[in-house]
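# Starting from these lines, generate the structure:
(one chain, ligands or ions: 2)
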Amino acid sequence: MSDPDPPLITAEHLSKEYRMGREVVHAVRGVSLSIRRGAFTVISGPSGSGKSTLLHLLGCLDKPTSGSLNIAGENVSALSDRALSNFRARRLGFIFQSFNLIPVLSALENVEYPMKINRVPADESRVRALEMLQSVGLGAHISHRPTEMSGGQCQRVAIARALVMKPDLVLADEPTANLDSATGEHIMALMHELKRQTGTAFVISTHDPMVASQAEQKILMRDGCLQANG
Ligand SMILES: Nc1ncnc2c1ncn2[C@@H]1O[C@H](COP(=O)(O)OP(=O)(O)OP(=O)(O)O)[C@@H](O)[C@H]1O
Ligand SMILES: [Mg+2]
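Numbering: from 1, shown residues only. Ligands and ions are numbered 1, 2, ... in the order given. Here you go, the predicted model:
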């Protein structure tokens, strides 16, 4: 009988090596894990332990040197580059430490951008971007460019952009690292609320104990290895 509630992500023996001249850096070493649907998962561990590398592998931004990865029933380790970038654009969302907004575009245009990539009709994409910006509390800032907003506001735009395609999974690499602690707490509360409303799973890498304390599932990395997964 098939599992009634299969995990969202199953990784088996995932490894990533970087070649630096003659040296090989084993950034992720044989990590096997599963992540539940709709969960708030936090990856923590010391600097250099492989958090970002693991997050990039799970987000299909980078290919593992070896191992297999299944996300939402798709064996992503077997996909071609083109199929992988399609999968990423439709099914995954990303939030970065430095926001990574497009500086020449307004908040509204930044949120419309993933829908443009996915060929959502322009009128529909405008409506969805406006709704999404309302739900992150930026309805009054839709015409502002990133340079005309605070860090917290930029991160709200990035959250709206990450969620607007209704992805199965949002990956966030140190989303509060460039924010003061009060703003960081607001951003985390917003992500929790949106997770609750949409059922989107979040996987977040962080050094921030405030973020780690909110995990429903915890992944602890050390020297590229999984130390704990619970
Ligand atoms: N593109 C790369 N080329 C070579 N080595 C890399 C590359 N990216 C990461 N590494 C190395 O892989 C290891 C893991 O790095 P990673 O960035 O995943 O750690 P991290 O846990 O995210 O650290 P931090 O908390 O400082 O962000 C480190 O030794 C790092 O130097
Ligand atoms: Mg990192």
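# Would you mind naming what in the protein lies close to ligand 1?
18, 20, 25, 27, 45, 47-53, 207 (CB under 6 Å from any ligand atom). Where you see a C-beta, it was placed from the backbone N, CA and C, and this is true even at glycine.
# can we see that at 5 Å?
18, 25, 27, 47-53 (CB under 5 Å from any ligand atom).
# Which of the residues you listed fall in strands?
Using DSSP state E, 18, 25, 27 are the members of those that sit in strands.
# top of those residues by neighbour count?
When neighbours are counted by other CB atoms under 10 Å, Ala27 leads those with 23 neighbours.
# give me the residue from this protein nearest ligand 2.
Proximity of the chain to ligand 2 (CB to the ion) peaks at Ser52, 3.1 Å away.
# Quick check: that residue touching Ile204?
No - using CB atoms under 8 Å as the test, Ser52 is too far from Ile204 to be in contact (11.5 Å).
# Which residues are in contact with each of these two?
Asp173 (CB atoms under 8 Å, 6 or more residues apart in numbering).
# of those two, who's got more company?
The neighbour comparison of Ser52 against Ile204 (other CB under 10 Å) goes to Ile204, with 27 against 21.
# isn't the more buried one right up against Ala39?
No - contact criterion CB under 8 Å: Ile204 and Ala39 do not qualify, at 10.9 Å.
# Skip the chain neighbours and tell me the closest residue to Ile117.
Nearest-residue entry for Ile117: Ala89, 5.3 Å, with adjacent residues in sequence omitted and distances by CB to CB, 6 or more residues apart in numbering.
# quick one: that neighbour is in a helix?
Yes - under DSSP: H, G, I helix; E, B strand; the rest coil, Ala89 falls within a helix.
# for it, what are its contacts?
114, 117-118, 165.
# returning to that earlier point: pick the one among the residues of the chain next to ligand 1 closest to Ala228.
Distance to Ala228 across those (CB to CB) is lowest for Ser49, with 12.3 Å.
# Local confidence estimate at that closest one?
On pLDDT, Ser49 comes in at 97.
# quick one: it and His207 touch, right?
No - taking CB under 8 Å as the definition, Ser49 is not a contact partner of His207, at 10.4 Å.
# Distance of Cys60 relative to ligand 1?
Using CB to the nearest ligand atom, to the nearest Å, we find Cys60 at a distance of 16 Å from ligand 1.
# Over to Arg196?
27 Å.
# Can you tell me the SS state at the residue nearest the centre of the chain?
Nearest residue to the geometric centre of the chain (CA atoms, centre = their mean): Leu171, 1.2 Å. Secondary structure, three-state DSSP: Leu171 is strand.
# give me every residue that touches the closest residue to it other than its chain neighbours.
In space, and not counting its chain neighbours, Leu171 is closest to Gly59: 4.1 Å by CB to CB, 6+ apart. Gly59 makes contacts with 88, 92, 94, 169, 171, as judged by CB under 8 Å, 6+ apart.
# got it, and Leu226?
31-33, 219-220.
# Contact residues of this protein facing ligand 2?
Applying CB under 5 Å from the ion, we find that the chain lies next to ligand 2 at 51-52.
# Where is the longest helix in the chain?
helix 181-198 (DSSP state H).
# how about that one as CSV, C-alpha atoms only?
The C-alpha trace of helix 181-198 is given here as CSV (Å, rounded to 0.1, in the frame of the first residue of the first chain):
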residue,chain,number,x,y,z
SER,A,181,16.0,41.7,15.7
ALA,A,182,12.5,43.3,15.9
THR,A,183,12.2,43.3,12.1
GLY,A,184,13.5,39.7,12.0
GLU,A,185,10.8,38.6,14.4
HIS,A,186,8.1,40.3,12.3
ILE,A,187,9.4,38.6,9.1
MET,A,188,9.4,35.2,10.9
ALA,A,189,5.9,35.8,12.1
LEU,A,190,4.8,36.7,8.6
MET,A,191,6.4,33.5,7.2
HIS,A,192,4.6,31.4,9.8
GLU,A,193,1.3,33.1,9.1
LEU,A,194,1.6,32.6,5.3
LYS,A,195,2.7,29.0,5.9
ARG,A,196,-0.4,28.4,7.9
GLN,A,197,-2.6,30.0,5.3
THR,A,198,-1.1,28.4,2.2
